[in-house]
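Colleague: got a structure for you, letters missing:
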């Protein structure tokens, strides 16, 4: 990743693309909180419920870090988040989990793809922004929790694997649809990504980024016991 | 309140009534978290959403304090909470807010009555339990927030006051119904309350406790701009 970031100049802090990146992340964390808290209602045991609630609280902590950082660089967090409310809400509304396992797959597969993507983008921004992004993308323990629960459920009833694999494919499809919408609307953010990538090797680098995201997704699906 | 607590002997930490008190409180905090997080979805602005989410996180902190305390006195938190899952879930299922304002009234009116009640009961238990109960019942900022928002909404549209007053009455009715159910099922807890009260003046003290709860409720309704 080092060669990528050295290829891109450090963006000034008030760069609209940086504000967009922090804004979309902040809103994503705020609704990750809401969604995990909501999924906690589907938990089969009180222990699972409390575990999920604790992860939701960790996501809210990330939201607060981003909110504070935006304020510090003179940006109203609400204004920064606003452009991403509709596409992110649309994604979540169209992918409301039908049960506990679908909720776990969504949180694990969806959040991981998003985190991988934000990490790639972070390579193109200034160091303080990058450090913050990498910090708030830290695992909240959700990955291990989800993998454990989903694998155990598939072992107990192998028939559910097909349904969950289909579900994961739908999640990726809906996420891509919304990402495309954001790309059209938020020119600065799109330029940052495409420009950052082409600055370090043209569109081929963008292709490699997508390949890395896809590979990581396939590895996660396998770790869940699902075919990608 | 001092004369009440001095009238009751300090209960040993493993007292079933104390475990019940901590168990019901822990579960109440856990679902207060869930419910506030869920109400955050109804928030009209991102600022309100973030404020409600922050209060939900504070409730979860209270839950964790109670959970840790239960573990420290050798009690499995899940076992302590289990008897209260059904009545508390039944209360919340039967009083799902229809909109943002109903959610605020429920959180403020419902949580305050519950907090007043737990505080009264805390007078009858040992000092470490009492300190913990009083600590986790500390206001999370919800009261001022709810009063501000509800008063402003009534000022903007006085017609909604009648609907919200009815809603508050329904909340109290449903809460009493579930409390009665718990009283029948959990003898130790009921004995603690009735015994604690009668130890310091017989059933008359129990009557005074109920009068205090009712008066505080009326004051809160007035502060919201609602007739009790």
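Modeller: Yes, it's here. What you see is a predicted model, and the numbers here were worked out from it, not measured in a lab.
Colleague: so which strand or helix has the residue most central in space within chain A?
Modeller: By CA atoms, centre = their mean, chain A has its centre lying nearest to residue A:114, at 2.5 Å. Assigned by DSSP states H and E, residue A:114 falls within helix A:111-122.
Colleague: try residue A:195
Modeller: With DSSP H and E as the test, residue A:195 turns up in helix A:187-199.
Colleague: Need the residues that contact the helix or strand following that helix.
Modeller: Moving toward the C-terminus from helix A:187-199, the next helix or strand (DSSP H and E) is helix A:203-224. With contacts defined as CB atoms under 8 Å, 6 or more residues apart in numbering or on different chains, helix A:203-224 is touched by A:4, A:105, A:108-109, A:112-113, A:116-117, A:120, A:146-147, A:150-151, A:154, A:164-165, A:168, A:172, A:193-194, A:197-198, A:201, A:227-228. Backbone N, C-alpha and C define where each C-beta goes, glycine included.
Colleague: Mind doing that once more with 7 Å?
Modeller: A:105, A:108-109, A:112-113, A:116-117, A:120, A:147, A:150-151, A:168, A:172, A:194, A:197-198, A:227-228 (CB atoms under 7 Å, 6 or more residues apart in numbering or on different chains).
Colleague: swap in stretch A:98-116?
Modeller: A:28, A:32, A:36, A:39, A:42-44, A:95, A:97, A:137, A:142-143, A:146-147, A:149-150, A:153, A:160, A:164, A:167-168, A:171-172, A:175, A:213, A:216-217, A:220, A:224.
Colleague: how long is that stretch from one end to the other?
Modeller: Distance between the two ends of stretch A:98-116: 25 Å, counting by CA to CA, to the nearest Å.
Colleague: again with stretch A:37-53
Modeller: Where stretch A:37-53 begins and where it ends lie 5 Å apart, using CA to CA.
Colleague: which ones are touching residue A:63?
Modeller: Going by CB under 7 Å, 6+ apart, the list of residues near residue A:63 reads A:26, A:29-30, A:33.
Colleague: residues near the closest residue in space to residue A:136 that isn't next to it in sequence, how many?
Modeller: Residue nearest to residue A:136 in three dimensions, not counting chain neighbours: residue A:62, with 3.8 Å by CB to CB, 6 or more residues apart in numbering or on different chains. As a burial measure, residue A:62 scores 22 neighbours (other CB atoms under 10 Å in any protein chain shown).
Colleague: what's the helix or strand for residue A:62?
Modeller: helix A:46-72.
Colleague: do you know how far the residue of chain A at minimum distance from chain B is from residue B:162?
Modeller: Chain A approaches chain B most closely through residue A:37 (3.3 Å), counting by CB to the nearest CB. Computed as CB to CB, to the nearest Å, the residue A:37 to residue B:162 distance reads 32 Å.
Colleague: Could you pick out the residues of chain A near chain B for me?
Modeller: Residues of chain A lying close to chain B by CB under 7 Å from any CB of the partner chain are A:30, A:33-34, A:37-38, A:40-41, A:46-47, A:49-50, A:53, A:56-57, A:60, A:78, A:81.
Colleague: 6 Å instead, please
Modeller: Within chain A, the positions adjacent to chain B are A:33-34, A:37, A:40-41, A:46-47, A:53, A:57, A:60, A:78, A:81 by CB under 6 Å from any CB of the partner chain.
Colleague: Of those residues, grab the buried ones for ChimeraX.
Modeller: Per 16 or more other CB atoms under 10 Å in any protein chain shown, the buried members of the residues of chain A next to chain B correspond to this ChimeraX selection:
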select /A:33,34,37,40,41,46,53,57,60,78,81
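Colleague: Pick the one among the residues of chain A next to chain B closest to residue A:21.
Modeller: In terms of CB to CB, no member of these lies closer to residue A:21 than residue A:81, at 11.7 Å.
Colleague: Nearest spatial neighbour of the closest one, chain-adjacent residues omitted?
Modeller: Nearest non-adjacent residue to residue A:81, counting by CB to CB, 6+ apart: residue A:27, 4.1 Å away.
Colleague: Wait, the one you found touches residue A:84, no?
Modeller: Yes - proximity of residue A:27 to residue A:84 meets the contact threshold set by CB atoms under 6 Å, at 4.8 Å.
Colleague: Comparing the two, which residue is more hemmed in?
Modeller: residue A:27 (25 against 22).
Colleague: Run a quick neighbour tally on the closest residue to residue A:193 other than its chain neighbours.
Modeller: In space, residue A:193 comes closest to residue A:121 once its chain neighbours are excluded; the distance is 5.7 Å by CB to CB, 6+ apart. If you count neighbours by other CB under 10 Å, residue A:121 ends up with 22.
Colleague: The one 5 residues further on too?
Modeller: When neighbours are counted by other CB under 10 Å, residue A:126 registers 17.
Colleague: any idea of the mean pLDDT for stretch A:46-61?
Modeller: Averaged over stretch A:46-61, pLDDT sits at 91.
Colleague: Just the residues contacting it, thanks.
Modeller: Identification of contacts with stretch A:46-61 by CB atoms under 6 Å, 6 or more residues apart in numbering or on different chains yields A:29, A:32-33, A:36-37, A:39-40, A:43, A:140, A:142, B:33, B:53, B:57, B:60, B:78, B:81.
Colleague: Could you do stretch A:142-153 as well?
Modeller: A:55, A:101, A:104, A:107-108, A:223-225.
Colleague: now stretch A:76-93
Modeller: Counting by CB under 6 Å, 6+ apart, A:19, A:23-24, A:26-27, A:31, A:67, A:70, A:174, A:178, A:181-182, B:46-47 sit against stretch A:76-93.
Colleague: That concludes my questions; thank you for your assistance.
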